[in-house]
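Enquirer: predicted structure and sequence below. I'll ask about it afterward.
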Amino acid sequence: MKKQTVTQERTKIPVKLILVLTLLCAVSVLSGLGLFKLAKAESLMIKNLYIEGNTHIEDSDVSRLLDVNGQSIVTADMDKLSRRLFISPWVKKVYMRKELPNSLAIRIVEKVPVAAALDKDVIYLVDENGIKLQRLGRKPEELPVIKITGSNKKAYLEAIKLSLAISKNPKMRGMVEEIDGTKPEDISIRINGVPVYVGFGDFDRKLTSYISLKDEIVKRNIPVDYIDLRFSHRLIVKPLKGDI
């Protein structure tokens, strides 16, 4: 029996392929080093913030929240930076872009206050969701004061919706002094000291009805105790001391 010899052939890697792979590795390393040096370059460190759209939140607050001191424009994470600004209750939307070599352009869309809310003898501006925006030292001239506490959630949210309807009605804006009530069905507004019961829902129709009714009351010079708009098919005007 003859002895069989098994021979193994080694696969030869072309010299050109080795050179190409070596070159690619070298380029990758050099690129990494270059990018590192680029990110650390003093000329690319963020130095300027161009801010627009902010009325209530100060430029200094924007700068403090972003905290970009020592950050490179190359590696700055725009999504992360944008999220930092939402710590402020005033911020509704943020648009940011890089401007080489060392600046950020920032446009802020702020929330619009629709009312003031009284909470433990302190007045706050609130947005259309009832979120507190800013503490006030006194009652604002153009906005109604909600005297329903946030603990009475259903009535409070209805009062916010009513405030929004008032703010969108140019004939009602600045007319309502306060919004009060213990339950949604008891919600009332006070205008020139006169309570006007509006209840909950269908606020646009009720406010329009009040405007028409007010003109008639003024025309006839009727002293009014209260007005009730809660019923869809009738308006109730209670004359003061039985006068008509």
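Expert: It's in. Numbering: from 1, shown residues only.

Enquirer: all strands of this structure, in order?
Expert: With DSSP state E as the definition, the chain shows strands at residue ranges 48-52, 91-99, 103-110, 115-119, 122-126, 132-136, 145-146, 178-180, 188-191, 194-197, 224-228, 236-239.

Enquirer: tell me which of those strands sits most buried.
Expert: Ranked by mean neighbour count, the strands of the chain are led by strand 145-146 with a mean of 24 (mean count of other C-beta atoms under 10 Å). Every C-beta, even on glycine, is put in place using the N, C-alpha and C of the backbone.

Enquirer: give me the mean pLDDT for it.
Expert: For strand 145-146, the mean per-residue pLDDT is 94.

Enquirer: which elements pack onto that strand?
Expert: On a contact count with 3 or more C-beta pairs under 8 Å, 6 or more residues apart in numbering; DSSP states H and E, strand 145-146 meets strand 115-119, helix 153-168, strand 178-180.

Enquirer: in the longest one, which residues are buried?
Expert: Yep, that's helix 153-168 we're talking about. Neighbour-count burial for helix 153-168, counted by 16 or more other C-beta atoms under 10 Å, picks out 155-167.

Enquirer: and the strands of the chain as CSV, adding distance to Thr208?
Expert: Output for these, formatted as CSV (distance: least, C-beta to C-beta, whole Å):
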stretch, distance to Thr208
strand 48-52, 37
strand 91-99, 29
strand 103-110, 29
strand 115-119, 20
strand 122-126, 24
strand 132-136, 28
strand 145-146, 21
strand 178-180, 18
strand 188-191, 14
strand 194-197, 13
strand 224-228, 14
strand 236-239, 16
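
Enquirer: can you lay out the helices and strands packed on strand 145-146 as JSON lines showing mean pLDDT and distance to Val91?
Expert: Output for the helices and strands packed on strand 145-146, formatted as JSON lines (pLDDT from 0 to 100; distance: least, C-beta to C-beta, whole Å):
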{"stretch": "strand 115-119", "mean pLDDT": "92", "distance to Val91": "19"}
{"stretch": "helix 153-168", "mean pLDDT": "93", "distance to Val91": "19"}
{"stretch": "strand 178-180", "mean pLDDT": "94", "distance to Val91": "26"}
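
Enquirer: got the contact list for the residue nearest to Ile131 when sequence neighbours are not counted?
Expert: Among residues not flanking Ile131 along the chain, Pro89 sits closest, at 5.9 Å (C-beta to C-beta, 6 or more residues apart in numbering). Going by C-beta atoms under 8 Å, 6 or more residues apart in numbering, Pro89 touches 111, 127, 131-134.

Enquirer: thought Ser88 was touching Ile57?
Expert: Yes - applying C-beta atoms under 8 Å, one finds Ser88 in contact with Ile57, separated by 5.2 Å.

Enquirer: which residues touch Lys111?
Expert: 89-92, 127-128, 131, 133.

Enquirer: same check, this time on Thr208
Expert: Going by C-beta under 8 Å, 6+ apart, Thr208 touches Asn169.

Enquirer: cool, Lys171 as well?
Expert: Counting by C-beta under 8 Å, 6+ apart, Lys171 touches Ile211.

Enquirer: rerun that using 10 Å as the cut-off
Expert: Listed by C-beta atoms under 10 Å, 6 or more residues apart in numbering, the contact set of Lys171 reads 207-208, 210-211, 214.

Enquirer: now do Asp79
Expert: Applying C-beta under 10 Å, 6+ apart, the residues contacting Asp79 are Met96.

Enquirer: repeat for Glu128
Expert: Contacts of Glu128 by C-beta under 10 Å, 6+ apart are 111-115, 160-161, 163-164, 167.

Enquirer: got it, and Ile148?
Expert: Residues near Ile148 by C-beta under 10 Å, 6+ apart: 117-118, 154-160, 178-184, 186-187.
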